[in-house]
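K.L.:
When you get a sec, could you give me coordinates for this:
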Amino acid sequence: MSDIAATLLSAPILFFILGVLAAAARSDLAVPETVAKGLSLYLMAAIGLKGGVEVAKAGITPNLILALVAGLLLSALIPFFVAPVLRRFGRLDGVNAGAVAAHYGSVSVVTFVTASQVYGNTGFVVAGFMVAVLALMETPAIISGLLLARRYAAAQNGSGGSGIDRELLREVLFNGSVVLLLGSFAIGLLIGEPGFEPIAPLFRSGFTGVLCLFLLDMGLVAMRRLRDTRALTGRLVMLGIFFPLVNGVLGALTGTLIGLDPASAAGLAVLAASASYIAVPAAMRLALPQANAGLYLAMSLGVTFPFNIVIGIPLYRMIAETLGGW
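P.N.:
Residues are numbered from 1 along each chain as shown. Model (predicted):
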């Protein structure tokens, strides 16, 4: 329980809660969009660099290979569980079910970064190679979600949207977050610890402070998105909490079964439980313009993201530690 309390009372989590409360009170507090984008770029570059440096020190291990395969399969398969539930219990049409399912199969970089930082502050350190798993898990779910949307649409009225064409593949494979994460990971891998030391004061010492400011902004955005949407029903809100719980347990169990240490298994749980609100919305706008953007953003950013930040991060740690003990 002391670890859970330390997680909930950590500075990044408290800044997120501050943002939520400020938006709920309709404060005019705001982080300029250009500043928020700069903070996001910094966080992705920092986590990629540090992950690459850690892999350079440890080398390519069986655990790395197994984690990559597990992440790939989780990302590709989770939408096939999420979409039917959205159709039956969330009462969504096929196109919106496919679009939302893609978000839950993909990952939230900020959720993972926050979890890694919060865990690390208490000595529960996620393996550096999990950054590579994070980058790999962004894309497969998009393809799965589009395939589901096309299949549902074809069954209903014979129209399946724009399909998976060259422009979409370029958007999926070369979107900014994937390029920056993989690129900075590769740089960290190449330069190793000696090359990282000269830039460590920027990317290591300032990391927590930047994360606090970014989570303040995310708290503001999440609450305002949730407050302003008209698309969410009570059923969808409950599913926005149900999906991360089930996917998080699945991620922790998978990580434990393939032999990851409890911290890295918790990291995989966080990845499986998180929902994208950056890369996938960009792809959905291109491939499924008829899908309700307010709906999938409200669920991923307005419901699932706050749940994971405040409750999920300590919960997935507890689950991974329990499974590891068994």
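K.L.:
nearest spatial neighbour of the residue most central in space within the chain, skipping sequence neighbours?
P.N.:
Geometric centre of the chain, nearest residue: residue 108, 1.6 Å, by C-alpha atoms, centre = their mean. Spatial nearest neighbour of residue 108, excluding adjacent residues (C-beta to C-beta, 6 or more residues apart in numbering): residue 274 at 3.7 Å. All C-beta atoms are positioned from the backbone trio N, CA, C, and that covers glycine.
K.L.:
distance of the residue nearest to the centre of the chain from residue 235?
P.N.:
22 Å (C-beta to C-beta, to the nearest Å).
K.L.:
Now do the buried residues in stretch 14-32.
P.N.:
15-20, 22-23, 30-31 (16 or more other C-beta atoms under 10 Å).
K.L.:
Just the ones in helices from those residues, please.
P.N.:
Counting by DSSP state H, the buried residues of stretch 14-32 place 15-20, 22-23 in helices.
K.L.:
Now pLDDT too, for these, in a markdown table please.
P.N.:
As requested, these are exported to a markdown table (pLDDT from 0 to 100):
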| residue | pLDDT |
| --- | --- |
| 15 | 91 |
| 16 | 86 |
| 17 | 89 |
| 18 | 94 |
| 19 | 91 |
| 20 | 88 |
| 22 | 94 |
| 23 | 90 |
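K.L.:
Confirm for me that residue 269 is in contact with residue 319.
P.N.:
Yes: contact criterion C-beta atoms under 8 Å: residue 269 and residue 319 qualify, at 6.5 Å.
K.L.:
Mind checking which of these two has more residues around it?
P.N.:
In terms of neighbours (other C-beta atoms under 10 Å), residue 269 is the more surrounded of residue 269 and residue 319; the figures are 30 against 22.
K.L.:
Mind pulling the model confidence for the more buried one?
P.N.:
At residue 269, the model reports a pLDDT of 98.
K.L.:
can you tell me which helix or strand it belongs to?
P.N.:
In the assignment (DSSP states H and E), residue 269 maps to helix 262-273.
K.L.:
Show me what that helix is packed up against.
P.N.:
helix 62-88, helix 109-121, helix 130-137, helix 234-257, helix 313-325 (3 or more C-beta pairs under 8 Å, 6 or more residues apart in numbering; DSSP states H and E).
K.L.:
neighbouring contacts of the shortest one?
P.N.:
Going back to what we said before, that points to helix 130-137. 47-48, 50-52, 55, 64, 67-68, 70-72, 74-75, 106-107, 109, 112, 116, 178, 181-182, 185, 264, 267-268, 271 (C-beta atoms under 8 Å, 6 or more residues apart in numbering).
K.L.:
Give me the buried entries from the residues you listed.
P.N.:
By 16+ other C-beta under 10 Å, those give 47-48, 50-52, 55, 64, 67-68, 70-71, 74-75, 106-107, 109, 112, 116, 178, 181-182, 185, 264, 267-268, 271 as buried.
K.L.:
close enough to count as contact, residue 309 and residue 211?
P.N.:
No: look at residue 309 against residue 211 with C-beta under 8 Å: they stay out of range, at 11.3 Å.
K.L.:
Can you work out which residues contact both of these two?
P.N.:
Joint contacts of residue 309 and residue 211 (C-beta under 8 Å, 6+ apart) are residue 114.
K.L.:
distance between the ends of stretch 26-34?
P.N.:
22 Å (C-alpha to C-alpha, to the nearest Å).
K.L.:
cool, stretch 17-33 as well?
P.N.:
End-to-end distance of stretch 17-33 (C-alpha to C-alpha): 20 Å.
K.L.:
same thing with stretch 272-285?
P.N.:
Note: stretch 272-285 ends 23 Å apart using C-alpha to C-alpha.
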